[in-house]
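Chemist: sequence and computational prediction follow.
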Amino acid sequence: MMTKRGHPLNGRSVAGAVLVFPTGKGGSVVQLDGLYQLVKHGVASRAMVVQSPDTVLAACAGIMEIPLVTEVDPAFHERVSDGQQVAVDADDGWLVVR
């Protein structure tokens, strides 16, 4: 699996984590293949919380059955920090920072 050098997550595991990030980036092949490879190798994130997702990321998350939360108070993205525990239930619509 390839990792982009210099990326903040380079060398870190996202397995079972809730990823919080501002937006998707890259083409459909990059996003779909990237998520597919994570799922295939059993190291996909548990959920994603994205401030401004693009349609490609939303579709890819749906295909790979990774919960995607998009409508969150903007203050959440300012308050949450790396390493905090976040619980998500995308079906019932709740998000908790522990």
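Modeler: The structure has been received and is ready for your questions.

Chemist: not counting its neighbours along the chain, what's nearest S28?
Modeler: Spatial nearest neighbour of S28, excluding adjacent residues (Cβ to Cβ, 6 or more residues apart in numbering): V56 at 4.7 Å. Quick note: C-beta positions are derived from backbone N, CA and C, even for glycine.

Chemist: looking at it, T23 is touching Q51, isn't it?
Modeler: Yes - the pair formed by T23 and Q51 meets the contact definition of Cβ atoms under 8 Å, at 6.5 Å.

Chemist: those two - which one has more neighbours?
Modeler: Using other Cβ atoms under 10 Å as the criterion, T23 and Q51 rank with Q51 on top: 14 against 10.

Chemist: now do the SS call for that one.
Modeler: Assigned by DSSP: H, G, I helix; E, B strand; the rest coil, the conformation of Q51 is strand.

Chemist: let me see the contact set for it.
Modeler: Residues near Q51 by Cβ atoms under 8 Å, 6 or more residues apart in numbering: F21, P22, T23, T70, V72, P74, H77.

Chemist: try S13
Modeler: By Cβ under 8 Å, 6+ apart, the residues touching S13 are V43.

Chemist: again with D89
Modeler: Neighbours of D89 in contact, by Cβ under 8 Å, 6+ apart: L95.

Chemist: got phi/psi on the most centrally placed residue in the chain?
Modeler: With distances taken as Cα atoms, centre = their mean, M48 lies nearest the centre of the chain, 3.1 Å away. The phi and psi values for M48, taken as degrees, to the nearest 10, are phi -130, psi 140.

Chemist: use 41 as the first number for this chain going forward.
Modeler: Sure thing, new numbering starts at 41, so read that last one as M88.

Chemist: surely it and T110 touch.
Modeler: No - M88 is beyond contact range of T110, at 9.0 Å (criterion: Cβ under 8 Å).

Chemist: was I right about G64 contacting A99?
Modeler: No - the pair G64 / A99 is not scored as a contact, 10.2 Å apart, by Cβ under 8 Å.
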